[in-house]
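Enquirer: Mind folding the following:
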Amino acid sequence: NEWDVTRRNTFESNIGYTTPVGKYSPRGDSPYGIADMSGNVWEWCQSKFKLYPYRDDGREDLQGDERRVVRGGSWFYYQWRCRAAYRPGGTPLDFNDLLGFRLALSPIKFLDS
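Expert: Residues are numbered from 1 along each chain as shown. Sure, this is the predicted structure:
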């Protein structure tokens, strides 16, 4: 729970651009072993940008071009914006080198033939 500039790419690191995924691994990984959850680039999320409390209010609907949540901060911002609790939003038309997305793969269970 303490900020350590050597574990993520934020403004305080003085790098000034994105870094390769895993540059801060394993020291900067989350408790679940996930790299770059804070800093580097804002991560697009599926959720529409709506205020809390979180309800079943259609915010996970993929239709529409409303603002979507971004999380994690980027290399361009100070530490207070590079936290999971900080969640600004952007429109699908926003694009720059501060935004990115995470690809996730779920294991496929093959049925025996």
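
Enquirer: which residues does the residue nearest the centre of the chain contact?
Expert: Nearest to the geometric centre of the chain sits residue 43, at 3.1 Å (Cα atoms, centre = their mean). With contacts defined as Cβ atoms under 8 Å, 6 or more residues apart in numbering, residue 43 is in contact with 70, 71, 72, 100, 101, 102. Yep, even glycine has a C-beta here, placed from its N, CA and C like the rest.

Enquirer: what pLDDT does residue 111 get?
Expert: For residue 111, the pLDDT comes out at 67.

Enquirer: Give the buried subset of the contacts of residue 43 as a PyMOL selection command.
Expert: Buried subset of the contacts of residue 43, written as a PyMOL selection, criterion 16 or more other Cβ atoms under 10 Å:
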select buried, resi 70+71+72+100
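
Enquirer: Could you tell me how far the residue nearest to the centre of the chain is located from residue 2?
Expert: Going from residue 43 to residue 2 by Cβ to Cβ, to the nearest Å gives 22 Å.

Enquirer: now do residue 92
Expert: In terms of Cβ to Cβ, residue 92 sits 36 Å off from residue 2.

Enquirer: Give me the nearest residue to the residue nearest to the centre of the chain, chain neighbours excluded.
Expert: residue 72 (4.7 Å; Cβ to Cβ, 6 or more residues apart in numbering).

Enquirer: Per-residue confidence, that neighbour, what does it come out as?
Expert: Residue 72 is given a pLDDT of 89.

Enquirer: Brilliant, that's me finished.
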